[in-house]
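one predicted model, sequence on top.
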Amino acid sequence: MILLDGKLLAKKQEEKMIKVVEELYKKNIIPTLAVILVGDDAASASYVNMKTKASHRIGIDSITRTYHKNITENQLLEAIYKFNHDEDVDGILVQLPLPSHINTQRILEAIDPLKDVDGFHPYNVGRMYAGLNGFLPATPMGVMELLKFYDIEVLGKNVVIVGASNIVGKPLAALMLQSGATISLCHIHTKDISLYTKQADILCVGVGKPSLITKDMVKEGVVIVDIGINRLEDGRIVGDVDSDVVEKSSYFTPVPGGVGPMTIASLMQNTIIAAKNRKEK
Ligand code: GUN
């Protein structure tokens, strides 16, 4: 069994990005990421913190706006419009989830698609589904890069994805399909997910439920991509896949240290691309 070391690949990518950003500085281009965080969710605050820290390691400037959970939708839209029109800002990221009184889709659609480094705007979603270039969502992009780094062929494989969120499952299915996989996308209404997971050459799970996938649900030699991040009561961080599934798998992403660091690295890559697209010439 080989560990898919996202921490290692993210570090390698960071080293490359540092050099690219140095070149941009010589042209007076400073890639800049604006991050909007609403409310006091500890996990969200921690993700935002990791994103800004990564930015600074690479030389990407970051602006973080933190708002009280009672902010109105219109106030949030105003904040986005400001960043849309700020010539210095290359990328805009609204950390999800937003409080329930805010229409998330309306917020995401307010972001200038050319600054939409999360790839959540329908403009970029549509381009991704059509196989056109545009911003890819960070987690699915990170998963694809991790598989590529380890020379794991996707073409012609049975890829089973559990969890059909807009952030992970749906876009990952689109990218896998684009790479020639046969995809099964399982979700909350799937009657028996083991029917599908047993067929998987590559099993990607992003639900947020510890031990959702157990050893009896996979075949020998499966590639496990665990996208879940769960904090147990004892403080341990685990994914959605039971640890003893390792015994049956050929490749396995650790949690933490697998997909998580790749998500952040991909966001950084998107921010640099946005800066190049907007400011280079
Ligand atoms: N919440 C969980 N994952 C993500 C992500 O990739 N981007 C943003 N903005 N929020 C998230």
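Now that the structure is in, tell me what you want to look at. Numbering: from 1, shown residues only.

residue 46: neighbour count?
Number of residues near residue 46 (other C-beta atoms under 10 Å) recorded here: 10. C-beta coordinates here come from the backbone N, C-alpha and C atoms, glycine included.

just to be sure, residue 172 is in a helix?
Yes: judged by DSSP: H, G, I helix; E, B strand; the rest coil, residue 172 forms part of a helix.

what's the pLDDT at it?
Residue 172 carries a pLDDT value of 98.

what's residue 19 sitting at in phi/psi?
For residue 19, the backbone dihedrals (degrees, to the nearest 10) come out as phi -70, psi -40.

next one: it from residue 26, what distance?
Distance of residue 19 to residue 26, given as C-beta to C-beta, to the nearest Å: 11 Å.

look at the two and report which has more neighbours.
A direct count of neighbours by other C-beta under 10 Å for residue 19 and residue 26 places residue 19 higher, at 11 against 7.

next up, the contacts around whatever residue of the chain ends up closest to the ligand.
Distances between the chain and the ligand by C-beta to the nearest ligand atom are smallest at residue 96, namely 3.7 Å. Residue 96 makes contact with 44, 104, 167, according to C-beta atoms under 8 Å, 6 or more residues apart in numbering.

which of those residues tops the neighbour count?
Using other C-beta under 10 Å as the neighbour test, those are led by residue 167, with 20 neighbours.

would you agree it is in contact with residue 125?
No: taking contacts as C-beta atoms under 8 Å, residue 167 lies outside contact range of residue 125: 11.0 Å.

buried residues, the helix or strand that contains residue 14. List them.
Per DSSP states H and E, residue 14 falls inside helix 6-26. Buried residues in helix 6-26, counted by 16 or more other C-beta atoms under 10 Å: 6, 7, 9, 10, 13, 14, 17, 20, 21, 24.

got the residues of the chain near the ligand?
With C-beta under 6 Å from any ligand atom as the criterion, the chain meets the ligand at residues 93, 94, 95, 96, 118, 138, 139, 167, 263.

so what's the closest residue to the second one other than its chain neighbours bridging to?
So the one you mean is residue 94. What sits nearest to residue 94 in space, not counting adjacent residues and going by C-beta to C-beta, 6 or more residues apart in numbering, is residue 36, at 4.6 Å. Beta-bridge pairing of residue 36 under DSSP bridges involves residue 65, residue 94.

centroid residue for the chain?
Among the residues of the chain, residue 139 comes closest to the average C-alpha position under C-alpha atoms, centre = their mean, at 2.0 Å.

for the residue nearest to residue 231 when sequence neighbours are not counted, give me its contacts.
What sits nearest to residue 231 in space, not counting adjacent residues and going by C-beta to C-beta, 6+ apart, is residue 237, at 5.8 Å. If a contact means C-beta under 8 Å, 6+ apart, then residue 237 has 229, 230, 231, 255, 256 as its contacts.
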